[in-house]
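Trainee: here's my sequence, what's the structure:
(one chain, ligands or ions: 1)
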Amino acid sequence: MSSLNKYRVHEVAKDFNLGSKEIADVLTEYAQSPKNHMQVLTDQELALIFEYLTQHNQIGSIEEIYADTYTEPAPQPSPEPAPAPAQQSRPVPQQQGKPSAPAPAPVSAAAAPAAPARPAENKPFQPRPQADKQPAASQAVSRPAGTRPQTKIVDTRKTAAVNLDRYDERLETMVPDKVQNISQKKEKIRRAADQRRPAPGFGSKRRQEEQEKMRRLQLEIAKKQPLKVEIPDEIAVGELASRLKKTGAEVVRQLIKLGVMASVSDVIDYDTAALVAMELGAKVTKEVVVTIEERLIDVSADSEADLVPRSPVVVVMGHVDHGKTSLLDAIRKSDVVSGEAGGITQHIGAYRVQIKGKPITFLDTPGHEAFTSMRARGAMVTDIAILVVAADDGIMPQTVEAINHAKAANIPIIVAINKMDKPGANPERIKQQLTEYGLVSEEWGGETIICPISAKLHQGLDSLLEAVVLTAEMRELKANPKRAAQGTVIEARLDKGRGPVTTVLVQNGTLKQGDVIIAGKAVGRVRAMTDDKGEKLTQAGPSVPVEIIGMSEVPGAGDLFYAVADERMARELVMQRKEEEKAAASAPSHKVTLEDLFSQIQQGEVKELGIIVKADVQGTAEAVKTSLEKLSNPEVRVRVIHSGVGAISESDIMLASTSNAIVVGFNVRPDNAARDSAARANVDVRMYRVIYDCINEMEAAMKGMLSPKFKENVLGHAQVRQVYKITGAGTIAGCYVQDGKILRASQVRVVRDGIVVFEGELASLRRFKDDVKEVAAGYECGIGIDKFSDIKEGDVIEAFVMEQINA
Ligand SMILES: Nc1nc2c(ncn2[C@@H]2O[C@H](COP(=O)(O)OP(=O)(O)OP(=O)(O)O)[C@@H](O)[C@H]2O)c(=O)[nH]1
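Mentor: The predicted model follows:
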């Protein structure tokens, strides 16, 4: 006990809520010197007082200390009903209210053992007899003292009588209020939860708790594991956000951090999306989208072991009337020519012939147009082309086209010089001409097989067919007859009685009667199959053309067909294709144009720039071809895939579209069909009058320096119906506006048979005798052209304006 703690009698009395006199009396009685109330007490004296008070305020149990409401007085069989009358003579007045924790409390504990032996008569250390219990008095007095020494004493000897619950309850009052509140709340919640539960048995309750624990654990684990997301090739920012379980704003923010400005509705590519997802802590895998097409159609490669040789499919091409149909007929030993209207082949058919036991399939085509249009649809039907050239006519424009179309398709050409029976036949001249197109005869050290024949007299056919077989063998054509059939629709029509009738060429696998097939946007079941000789078949292997009935719709020539296992899925795919076609019709296809040539070269999309050159004279076409091909550089090779004389035709556009080429015209114009088809297929058609301009523009385009200055906008066409020479006014063309309109301010060009004969300004535009600003389609008008009087009936006046393109 520190000497600094000086306690005076009155302070101690106050602490115990007693009178100073009572304390003084205790001291007077037990201590050596009597004390007045201001006297400082020694440690001994203090200990004495505490001992005295302790002895005189014994309680039976700890419960009594706190039991404000305690009403269970322990049965106190008192062996000594009045054990200490002397002590009782000093009754301790009842305490009101709690005293503040008195400093003496620790003193008592420390001092007690050091207490002098004197107070022995107060039996300070005797075991607390039950008789000492004074419930009423102890209740009051024990409180201040109870903070430490007494309250810890719990008599558990009479265990049966101890109400432990009550004890626990009472103990709660010992903990600080705050803690107590929390535990009370917890208890409340627990009880409420218990009440809510449908009073389960002990086992099930336990089980539930376990389950709950497990669930929380799993949630916790799930939270800690990185989120796994699958991202397709392209994904909208919003969709990515929902897959990442983030808000759109969070993803947009992350994108901005990566330097990508995109809104929630924008679509981003896989790489960007994956980066964002990884930044946001997700684990990314690429979503592999399995389309219906992939599920339905087996495009797996055949194993070498399954492949067997197949017969070649041959196309016969050539200029009009050079004898294509006659040749095919000669081969089939039948005469179709006489049965045809005007002797012109109407549509593609396919025939199969046996040459010394080896079958060859021939496609009878009215020229290379159908061939190219099929190719444009992705069908690679033919293996070999026979080019028919009439010995008395030589190389003609369509012969050149045929050569170039076959070359573009990368198929070998066998030349058949036909009509050798004719007096004017000059095969050497044709061989000579052919070298100009890269077809050098074998006799001259080249690779091209050239066979002189006469279709009419059936001469030379054997060697021609042998050449076909030989070429086919060189190509090692193979297919797997064991798989489901696939091939191309050669021709299809609607027959009144039989419904859609389709000629298909099986290219791989075997087509069987009863097979479900999908061809383009048509589905059906092969109800019956017949070959080119009208014989019924139950199955058709590779390179076999068959006519089938049973399609729901008429497919398009050139459509690819597949035998499939699931008809329902096939119908679904057809629906999807129809939808896609609709969407594609509204979105223009992406073809190479001079404007974006450079960017396409840079992106590696264009490695070869295909050009089709059409000019008014052969000399120009040749000159342009040579100059353009010289523009080739290491990044891009310029290849003129076709050059010819005359107006730009639909076939030119088709070839350009198929080969992703652009069309260059010199003093020529596209005919109407070509113009429409170019617009439809998005083929870039450029018209020039000077070779120099063309070369410059191409060069600039390849270097990405094409200045997009002006674009020609064609306003309309007027056909010249009559020509008047008027003195003073010059030549006036009486015209009929066919389409669009003619503006007084427009520029014009005069086109004669597809060739531009003049380009210049309008001198006058009149309706009757009045000058007008414009004349619309369907009206007649008089047109005078500045500095040009050589207008002829049948000429077409094309009106156009040059519009500046905003870069
Ligand atoms: N003298 C002779 N005439 C032939 C020969 N081959 C074909 N002809 C004739 O040439 C004409 C045209 O023959 P086609 O077989 O119709 O020619 P094509 O190339 O198929 O013609 P299109 O179908 O119009 O493209 C016919 O009158 C045939 O009789 C031949 O070897 N000798």
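Trainee: so what's V714 bridging to?
Mentor: Here V714 sits in beta bridges with F800, as judged by DSSP bridges.
Trainee: try Q747
Mentor: With DSSP bridges as the rule, Q747 is bridged to E761, F800.
Trainee: isn't it right up against I797?
Mentor: No: counting by CB atoms under 8 Å, Q747 stays clear of I797, with 10.7 Å between them. Heads up, the C-betas are built off the backbone N, CA and C, glycines and all.
Trainee: the two: which is more packed in?
Mentor: I797 (25 against 17; other CB atoms under 10 Å).
Trainee: for that one, give its distance to K482.
Mentor: I797 sits 63 Å away from K482, going by CB to CB, to the nearest Å.
Trainee: same deal with K792?
Mentor: Plainly put, K792 is 66 Å away from K482 if you go by CB to CB.
Trainee: just to check, R766 is in contact with G782?
Mentor: Yes: using CB under 8 Å as the test, R766 is close enough to G782 to be in contact (4.3 Å).
Trainee: between the two, what contacts are shared?
Mentor: I732 (CB atoms under 8 Å, 6 or more residues apart in numbering).
Trainee: the two: who's more crowded?
Mentor: For R766 versus G782, the count of surrounding residues by other CB under 10 Å is larger for G782: 21 against 16.
Trainee: element containing the more buried one, please.
Mentor: Assessed by DSSP states H and E, G782 sits inside strand 780-785.
Trainee: check which strands are paired with that strand and give the direction for each one.
Mentor: strand 730-743 (antiparallel), strand 755-767 (antiparallel).
Trainee: and those, which is most packed in?
Mentor: Highest mean neighbour count of the strands paired with strand 780-785: strand 730-743, a mean of 19 (counted as mean count of other CB atoms under 10 Å).
Trainee: what's the average pLDDT for that one?
Mentor: What strand 730-743 shows for mean pLDDT is 91.
Trainee: where does the residue lying closest to G754 once chain neighbours are set aside fall, phi/psi-wise?
Mentor: Nearest non-adjacent residue to G754, counting by CB to CB, 6 or more residues apart in numbering: A647, 2.3 Å away. With angles defined as degrees, to the nearest 10, A647 sits at phi -60, psi 160.
Trainee: burial check on C694, number of neighbours?
Mentor: Neighbour tally, C694, other CB under 10 Å: 21.
Trainee: and H56, by the same measure?
Mentor: By other CB under 10 Å, 21 other residues sit near H56.
Trainee: next: E51.
Mentor: Residues near E51, counting by other CB under 10 Å: 22.
Trainee: any idea which element it lies in?
Mentor: If you go by DSSP H and E, E51 is part of helix 43-55.
Trainee: list the buried residues in that helix.
Mentor: 43-55 (16 or more other CB atoms under 10 Å).
Trainee: try stretch 782-793
Mentor: 782-785, 788, 791.
Trainee: next: stretch 288-303.
Mentor: For stretch 288-303, a neighbour-count test (16+ other CB under 10 Å) marks 292, 296-297 as buried.
Trainee: the residue of the stretch 651-800 of the chain found nearest the ligand and V574: what is the separation?
Mentor: Closest approach between the stretch 651-800 of the chain and the ligand, counting by CB to the nearest ligand atom: S651, at 13.4 Å. To V574, S651 is 30 Å away according to CB to CB.
Trainee: more crowded one of those two?
Mentor: Legend: neighbour count by other CB under 10 Å for S651 and V574, higher for S651 (22 against 19).
Trainee: what lies in contact with whichever helix or strand that one is part of?
Mentor: Using DSSP H and E, S651 sits within helix 650-658. The contact list for helix 650-658 (CB under 8 Å, 6+ apart) reads 368-369, 372-373, 375-376, 401, 404-405, 408, 591, 610, 612, 614, 641-642, 644, 661-663, 670-671, 673-674, 677-678, 681-683, 685.
Trainee: residue numbers of the stretch 151-300 of the chain in contact with the ligand?
Mentor: Proximity of the stretch 151-300 of the chain to the ligand, by CB under 6 Å from any ligand atom, involves no residues.
Trainee: strands of the stretch 151-300 of the chain, start to end?
Mentor: With DSSP state E, counting those that start in this stretch as the criterion, the stretch 151-300 of the chain has strands at 228-231, 234-236, 267-269, 283-286.
Trainee: quick one, which of those strands is nearest to G716?
Mentor: Smallest distance to G716 across the strands of the stretch 151-300 of the chain (CB to CB): 40.0 Å, for strand 267-269.
Trainee: on that earlier part again, export the helix holding S651 as PDB, just CAs?
Mentor: This file holds the C-alpha atoms of helix 650-658, laid out as PDB (Å, rounded to 0.1, in the frame of the first residue of the first chain):
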ATOM      1  CA  GLU A 650     -21.600  -8.800-117.700                       C
ATOM      2  CA  SER A 651     -19.200 -11.700-118.100                       C
ATOM      3  CA  ASP A 652     -16.300  -9.300-117.400                       C
ATOM      4  CA  ILE A 653     -18.000  -8.100-114.200                       C
ATOM      5  CA  MET A 654     -18.700 -11.700-113.200                       C
ATOM      6  CA  LEU A 655     -15.000 -12.600-113.700                       C
ATOM      7  CA  ALA A 656     -13.900  -9.600-111.700                       C
ATOM      8  CA  SER A 657     -16.300 -10.400-109.000                       C
ATOM      9  CA  THR A 658     -15.200 -14.000-108.700                       C
END
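Trainee: and the helix or strand following it, what's its mean pLDDT?
Mentor: Using DSSP H and E, the next helix or strand after helix 650-658 towards the C-terminus is strand 661-666. The average pLDDT for strand 661-666 rounds to 88.
Trainee: and if you look at stretch 544-553?
Mentor: Averaging pLDDT along stretch 544-553 yields 90.
Trainee: restricting to C-alpha, output it in CSV.
Mentor: Provided in CSV are the C-alpha atoms of stretch 544-553 (Å, rounded to 0.1, in the frame of the first residue of the first chain):
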residue,chain,number,x,y,z
VAL,A,544,-21.5,-39.0,-111.4
PRO,A,545,-24.1,-36.5,-112.6
VAL,A,546,-27.7,-37.5,-111.7
GLU,A,547,-31.1,-35.9,-112.0
ILE,A,548,-33.0,-36.1,-108.7
ILE,A,549,-36.6,-35.4,-107.7
GLY,A,550,-37.7,-34.7,-104.2
MET,A,551,-36.4,-31.2,-103.4
SER,A,552,-38.8,-28.9,-101.6
GLU,A,553,-37.6,-25.9,-103.7
